[in-house]
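S.K.: Coordinates only, no sequence provided:
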């Protein structure tokens, strides 16, 4: 049993999602969005940091996964996204929570079977995999997809190693 925190960083909206992995099954724990309604970037980064800290303190996850920055056409937006991502990662690390990173393409592949899946396909698959009937925010669905991707990747690594159990501390030692 392991609770995984998935984070979809954004400078205006940061999605978070938590799943509980029991064997090879996923259970929905919680999801939501940390919204930053101020214009000043330093204030937004502070809100993201403390918002992620609150989620960690409430749910006590054992692992965290964050989506990597996607470099689009606007370098300024990518820089702000990178700072938001860094703020979320520091929040995790300040709680001694190990953090792994995944590209958007890998997350989509893990959840929808195609790295080119669109947001609606990802949202649909997340709801199906976690048996969620209610509508969930797009950013929260993306964060849950990151958590699912991490769970699938960790399980694959364990199978490849032929191990019955797995401890990240042994790998980092």
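M.R.: Nice, I can see it. None of the values given here were measured: they were computed from a predicted structure.

S.K.: where does the chain dip in pLDDT?
M.R.: 1, 71-72, 155-173 (pLDDT under 70).

S.K.: any chance you could map the strands in it?
M.R.: Secondary structure of the chain (DSSP state E): strands at 2-8, 13-22, 25-35, 63-67, 99-102.

S.K.: Using CSV, lay out those together with mean neighbour count.
M.R.: Where you see a C-beta, it was placed from the backbone N, CA and C, and this is true even at glycine. Listed next are the strands of the chain as CSV, based on neighbours: other CB atoms under 10 Å:
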stretch, mean neighbour count
strand 2-8, 25
strand 13-22, 23
strand 25-35, 18
strand 63-67, 25
strand 99-102, 17
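
S.K.: Ok, which of those strands comes nearest residue 127?
M.R.: Judged by CB to CB, the one of the strands of the chain that comes nearest to residue 127 is strand 25-35, at 9.2 Å.

S.K.: Next, the residues that contact that closest one from outside, please.
M.R.: With contacts defined as CB atoms under 8 Å, 6 or more residues apart in numbering, strand 25-35 is touched by 3, 12-21, 47-48, 51-52, 55, 59, 129-132, 136-137, 139-141, 143-144, 148, 151.

S.K.: would a markdown table of the strands of the chain with distance to residue 82 be doable?
M.R.: A markdown table is the format used below for the strands of the chain (distance: least, CB to CB, whole Å):
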| stretch | distance to residue 82 |
| --- | --- |
| strand 2-8 | 13 |
| strand 13-22 | 13 |
| strand 25-35 | 17 |
| strand 63-67 | 11 |
| strand 99-102 | 12 |
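
S.K.: what sits against residue 64?
M.R.: Residue 64 makes contact with 4-7, 92, 97-100, according to CB under 8 Å, 6+ apart.

S.K.: With residue 84 instead?
M.R.: Listed by CB under 8 Å, 6+ apart, the contact partners of residue 84 are 9-11, 14, 44-45, 48.

S.K.: Go through the residues you listed and name the one nearest residue 80.
M.R.: Distances from residue 80 to the contacts of residue 84, taken as CB to CB, are shortest for residue 11 (4.2 Å).

S.K.: Distance of that closest one relative to residue 60?
M.R.: Separation of residue 11 from residue 60 (CB to CB, to the nearest Å): 27 Å.

S.K.: Who has more neighbours out of those two?
M.R.: Ranked by neighbour count (other CB atoms under 10 Å), residue 11 and residue 60 place residue 11 first, with 19 against 12.
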